[in-house]
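Participant: Need coordinates for the following:
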Amino acid sequence: MSNSDPAKTTSRGMLKGLTRYGDAGFSLFLRKAFIKAMGYSDSALDRPIIGITNTFSDFNPCHGNVPQMIEAAKRGVMQAGGMPMVFPTISIHESFAFPTSMYLRNLMALDTEEMIRAQPVDAVVLIGGCDKTIPAQLMAAASVAVPVIVIPTGPMLTTTYQGDRLGACTDCRRYWAKFRAHEIDQTEIDAVNEKLAPTTGTCMVMGTASTIACMTEAAGMSLAGTAAVPAVMAERFRLAEFTGRRAVELAQLPDPSTFSSQAILTPQAFTNAFTVLHAIGGSTNALIHFTAIAARLGIQIDLEAIDRLGRHVPVLVDLKPSGSHYMEHLYEDGGLMAILQELKPHLYLDCLTISGRTLGEEIESAQNNKSMARHKKVIRIAAEPIFPVGGLAVLKGNLAPRGAVIKHSAATPALLQHRGRAVVFTSLEDLASRIDRDDLDVRAEDILVLQNAGPKGAPGMPEAGYLPIPKKLAQAGVKDMVRLSDARMSGTAFGTIVLHITPEAAENGPLAAVRNGDMIELDVPKRSITLLVDEAEIKQRLAELGAPEARLEIPATGYRRLYQTTVTQADVGCDFDFMVPVATRSAPLIKE
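Facilitator: Residues are numbered from 1 along each chain as shown. Next up is the predicted model:
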């Protein structure tokens, strides 16, 4: 390789993205001099360079297997003749991020995007797992032309406590509710705490991480089989090796952009992903994340179209929180490809995947694999679903002019049509201080309302939508109530909970006008959520609030200022407004 005139050489490998010193030859000379300090030879540096993201952190047990996955991916890269280069990005874990991991998702997306741009990589292996990491990585991928391929960290395995199989974090919530209701004591809740997360990996229910992994595979951005394999199994590391090998193949294509995210993530591919979201009873969070990814590509996601899609697609997976089982059982049943086999009539099978094959070809290949489970435990046939329509429903009405969402597959059927009196909490702090007070004026038939917990109001739209049952009602045996907010809810959670009310209260959305004692009507079959207050009164209440900026107390500097002044609403994906181009295409497209 000539060092004298890199401008005349194809811009790949070490020649890509040269640091600007005003002399390209010197830039390459200096780059090679410093990388040779790491012991690399010229032969190694002449190969395609494959970046591998390192999202490991001591604060991130969901990514506890990442060091081993990196080694497996590096092995695959070297087998295929490439040069693996590992680089770090922000690591986000749901339980170790203040004020919430969603607050940092966009920062991770910016970090990942700019590191891909800044470094000479011909393709990138994205290793992620905990809820917001793969969405952040895919948002970054949507903004760059480099081929990327995703390999999730995979779900934990389960264990048992006194004969009861446990899994984070649906069973975390189930046992915590028992503890709040005084059904179990401190000794028992401590014993359960030891058992809920027995291995590294993401939550082993159909929470946000598992949902995102399934949707990513369905959209074609990861190799077939990567969504369901448990984090600690040898197959997970073999898949990481295969992913490294495929990354080299992508880097060596005459035109690698033919397998960029822009080429793979078409409106039809997003429709396939949202079809899977409905069929697996997936996390409501995934709706926001994939809306943000699509928006980066100029694709608009219409919430009403999402709802129409769900009316055609049943829930086929008997996994918590919509069902009874865990991700290891889905893996034993054949993983996502076995679900897709049942969904074929609803899918765009000609969508290209990162493997180079179409989605239809991947499904056919999996069907012909003799290791595919024949006696399934958690995957239902389409004629015998666990829930007759998709797991999510989109609601509208005077309380949510731009939409709200409910996971009705994990709700109490008797509460899906309900009229009740509002018990209002004006902030997260107000909720924490009053929810367990003996003098709280609340009855089981009331509707709990949380305000100012949205993208700007909280900030960061935390997973606070799963409002706890007031302690005095929990101790009286109440297990569920209608709850609504502009917040999110963990994908592992369950209950009759309306989320993502848009516009949020902090933006003077109608939610901000709700007062104690107002009557609210929820009608999920009619897809409506209505504040039963005269429209003139609602407008008067909102006018009395004044400008949103005056209440938000936005700091003069720092990331919080950037976030609160530029973050979009939930129906657009909660990305920064300056990262979202004008939408030129739409999805999902219901397959007739």
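
Participant: how near is Ala141 to Leu110?
Facilitator: 13 Å (CB to CB, to the nearest Å). C-beta coordinates here come from the backbone N, C-alpha and C atoms, glycine included.

Participant: Actually, Gln300.
Facilitator: Counting by CB to CB - Gln300 and Leu110 are separated by 22 Å.

Participant: now the strands for the stretch 451-592 of the chain?
Facilitator: 482-485, 497-499, 519-523, 528-531, 585-587 (DSSP state E, counting those that start in this stretch).

Participant: Of those strands, which is nearest Leu316?
Facilitator: strand 585-587 (21.6 Å; CB to CB).

Participant: Adjacent strands (with direction) for that closest one?
Facilitator: strand 299-301 (parallel) (DSSP bridges).

Participant: what is the rounded mean pLDDT of the strand it pairs with?
Facilitator: Mean pLDDT, computed over strand 299-301, is 95.

Participant: Kindly report the same for stretch 138-155.
Facilitator: Stretch 138-155 comes out at a mean pLDDT of 97.

Participant: likewise stretch 225-232?
Facilitator: 98.

Participant: tell me the domain boundaries of the protein?
Facilitator: 1-45, 47-157+199-280+315-367, 159-193, 393-578 (automatic domain parsing).

Participant: List the buried residues for the third one?
Facilitator: This points to domain 159-193. Within domain 159-193, the residues that count as buried by 16 or more other CB atoms under 10 Å are 161, 165-181, 184, 192.

Participant: From the residues you listed, which land in helices?
Facilitator: In helices, defined here by DSSP state H, the members of the buried residues of domain 159-193 are Thr170, Asp171, Cys172, Arg173, Arg174, Tyr175, Trp176, Ala177, Lys178, Phe179, Arg180, Val192.

Participant: Adding pLDDT and distance to Ser528, write the residues you listed out as TSV.
Facilitator: Shown next, in TSV, are those (pLDDT from 0 to 100; distance: CB to CB, whole Å):
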residue	pLDDT	distance to Ser528
Thr170	90	28
Asp171	92	33
Cys172	93	32
Arg173	91	28
Arg174	92	30
Tyr175	93	34
Trp176	92	32
Ala177	92	29
Lys178	93	33
Phe179	94	35
Arg180	92	31
Val192	95	39
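
Participant: between the residues you listed, which is nearest Pro254?
Facilitator: Of these, the one sitting nearest to Pro254 (CB to CB) turns out to be Thr170, at 47.5 Å.

Participant: residues touching the closest one, list them.
Facilitator: Residues in contact with Thr170, defined by CB atoms under 8 Å, 6 or more residues apart in numbering, are Cys203, Val205, Gly207, Lys320, Pro321, Thr492, Ala493, Phe494.

Participant: And it, how far from Ala136?
Facilitator: 24 Å.

Participant: cool, Gly558 as well?
Facilitator: Relative to Ala136, and taking CB to CB, Gly558 is found at 20 Å.

Participant: Check Pro401 too.
Facilitator: Remark: distance between Pro401 and Ala136 (CB to CB) = 29 Å.

Participant: same check, this time on Thr557
Facilitator: 23 Å.

Participant: Quick check: which of the domains of the chain is buried the most?
Facilitator: Of the domains of the chain, the one with the most neighbours on average (mean count of other CB atoms under 10 Å) is domain 47-157+199-280+315-367, at a mean of 23.

Participant: correct me, but Gly323 touches Gly282?
Facilitator: No. Gly323 is beyond contact range of Gly282, at 12.0 Å (criterion: CB atoms under 8 Å).

Participant: gap between the two ends of stretch 76-89?
Facilitator: Using CA to CA, to the nearest Å, the end-to-end distance of stretch 76-89 comes out at 21 Å.

Participant: any residues touching it, and which ones?
Facilitator: So stretch 76-89 is in contact with 13, 40, 44-45, 47-55, 70, 73-74, 108, 111-112, 115, 119, 121-122, 125, 240-249, 251, going by CB under 8 Å, 6+ apart.

Participant: And the strands of the stretch 451-592 of the chain: which comes nearest Thr199?
Facilitator: strand 497-499 (28.9 Å).

Participant: avg pLDDT for the closest one?
Facilitator: What strand 497-499 shows for mean pLDDT is 98.

Participant: The stretch 151-300 of the chain: helices as residue ranges?
Facilitator: With helices called from DSSP state H, counting those that start in this stretch, the stretch 151-300 of the chain shows them at 170-180, 186-193, 208-219, 234-251, 261-264, 267-279, 285-296.

Participant: Hmm, I typed the wrong one, I wanted the stretch 1-150 of the chain.
Facilitator: Secondary structure of the stretch 1-150 of the chain by DSSP H, counting those that start in this stretch: the helices cover 24-35, 42-45, 66-79, 101-118, 133-142.

Participant: For Ala292, which of the domains of the chain is the nearest?
Facilitator: It's domain 393-578; of these, that one is closest to Ala292 (CB to CB) at 2.9 Å.

Participant: Start and end of the closest one, how far apart?
Facilitator: Per CA to CA, the first residue of domain 393-578 is 29 Å away from its last.

Participant: ok now that domain, how far from the chain's centre?
Facilitator: 20 Å (CA atoms, centre = their mean, to the nearest Å).

Participant: Could you export the contacts of Thr170 to CSV, including columns for pLDDT?
Facilitator: Converted to CSV, these look like this (pLDDT from 0 to 100):
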residue, pLDDT
Cys203, 95
Val205, 95
Gly207, 93
Lys320, 93
Pro321, 92
Thr492, 88
Ala493, 89
Phe494, 91
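
Participant: Closest one to Ala570 out of these, please.
Facilitator: Ala493 (16.8 Å).

Participant: Go through the strands of the stretch 451-592 of the chain and find the least confident stretch.
Facilitator: strand 585-587 (a mean of 86).

Participant: which of the residues in it are buried?
Facilitator: Result for strand 585-587 [16+ other CB under 10 Å]: buried residues Ala587.

Participant: re earlier: any chance of the domains of the chain in TSV, with distance to Ile293 too?
Facilitator: Shown next, in TSV, are the domains of the chain (distance: least, CB to CB, whole Å):
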stretch	distance to Ile293
domain 1-45	24
domain 47-157+199-280+315-367	5
domain 159-193	24
domain 393-578	8
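
Participant: out of those, which comes closest to Glu304?
Facilitator: Nearest to Glu304, of the domains of the chain and by CB to CB, is domain 393-578 at 6.2 Å.

Participant: what mean pLDDT does the longest strand anywhere in the chain have?
Facilitator: Taking DSSP state E as the criterion, the chain has its longest strand at strand 417-425. Averaged across strand 417-425, the pLDDT comes to 98.

Participant: Can you tell me what sits against it?
Facilitator: Contacts of strand 417-425 (CB under 8 Å, 6+ apart): 431, 434-435, 440-443, 445-451, 467, 482, 496, 514-525, 532.

Participant: starting at the chain centroid, how far to stretch 167-185?
Facilitator: 24 Å.

Participant: Dihedrals phi and psi, the residue nearest to His63 when sequence neighbours are not counted?
Facilitator: Nearest residue to His63, sequence neighbours excluded (CB to CB, 6 or more residues apart in numbering): Phe56, at 5.1 Å. In terms of degrees, to the nearest 10, the main-chain angles of Phe56 are phi -70, psi 150.

Participant: residue contacts, the residue nearest to Arg380 when sequence neighbours are not counted?
Facilitator: With sequence-adjacent residues excluded and distances taken as CB to CB, 6+ apart, Arg380 is closest to Leu316, at 4.8 Å. By CB under 8 Å, 6+ apart, the contact list for Leu316 reads Ala279, Ile280, Ile339, Glu342, Leu343, Ile379, Arg380, Ile381, Ala382, Pro385, Ile386.

Participant: at 10 Å instead, please
Facilitator: Applying CB atoms under 10 Å, 6 or more residues apart in numbering, we find Leu316 in contact with 276, 278-281, 323, 338-339, 342-343, 376, 378-382, 384-387.

Participant: same thing with Gly360?
Facilitator: For Gly360, the contacting residues are Leu340, Lys344, Leu347, Tyr348, Leu349, Asp350, Cys351, Thr353, by CB under 10 Å, 6+ apart.
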